[in-house]
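Participant: Take a look and give me a structure for this.
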Amino acid sequence: PIEFPMNKHSKINVCCMKLVCNGCRLAARRRGMNGRCPFCRTATPTDDASELAMIQRRVEKRDAEAIAHLGYKYYHGKLGLTK
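Facilitator: You can find the predicted model right below:
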């Protein structure tokens, strides 16, 4: 089997921590869901502060994927977090 390179062709939605491929994101955009998550219909964050707030809400709910994602953001110094 040939593995599809998910890191290049998908993005994680921080509202529900789902990995969505670019094709699904395009299909959602064509259906008129601009700026909304195809899974939970939450508005996508527009800046770093709102993205960080969404991740932290998921971390408070003990979501393992969110905890790992927040750790990645801290490790690489993303979203204005100190490295």
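Participant: Number of residues surrounding G77?
Facilitator: Counted with other CB atoms under 10 Å, residues neighbouring G77 total 10. Quick note: C-beta positions are derived from backbone N, CA and C, even for glycine.
Participant: Pretty sure K83 is one of the things it touches, is it not?
Facilitator: Yes: if you go by CB atoms under 8 Å, G77 and K83 touch, sitting 3.7 Å apart.
Participant: Isn't Y75 up against K83?
Facilitator: Yes: look at Y75 against K83 with CB under 8 Å: they come within range, at 7.1 Å.
Participant: and the closest residue to E65 other than its chain neighbours, what pLDDT?
Facilitator: Nearest residue to E65 in three dimensions, chain neighbours excluded: M17, at 4.3 Å (CB to CB, 6 or more residues apart in numbering). What the model reports as pLDDT for M17 is 92.
Participant: burial count for M17?
Facilitator: M17 sits with 20 neighbouring residues when counted by other CB under 10 Å.
Participant: ok, it to R25 distance?
Facilitator: Remark: distance between M17 and R25 (CB to CB, to the nearest Å) = 15 Å.
Participant: how many neighbours does P45 have?
Facilitator: Using other CB under 10 Å, P45 is surrounded by 18 other residues.
Participant: And for K18?
Facilitator: Applying other CB under 10 Å, I find that K18 has 16 neighbouring residues.
Participant: Provide a list of residues in contact with the residue nearest to it when sequence neighbours are not counted.
Facilitator: Leaving aside its sequence neighbours, K18 sits nearest to F39 (CB to CB, 6+ apart; 4.8 Å). By CB atoms under 8 Å, 6 or more residues apart in numbering, the contact set of F39 is 13, 16, 18, 20.
Participant: so what's the most centrally placed residue in the chain up against?
Facilitator: With distances taken as CA atoms, centre = their mean, N13 lies nearest the centre of the chain, 2.4 Å away. Contact analysis of N13 by CB under 8 Å, 6+ apart lists 19-20, 37-40, 44.
Participant: Fine, thanks again, bye for now.
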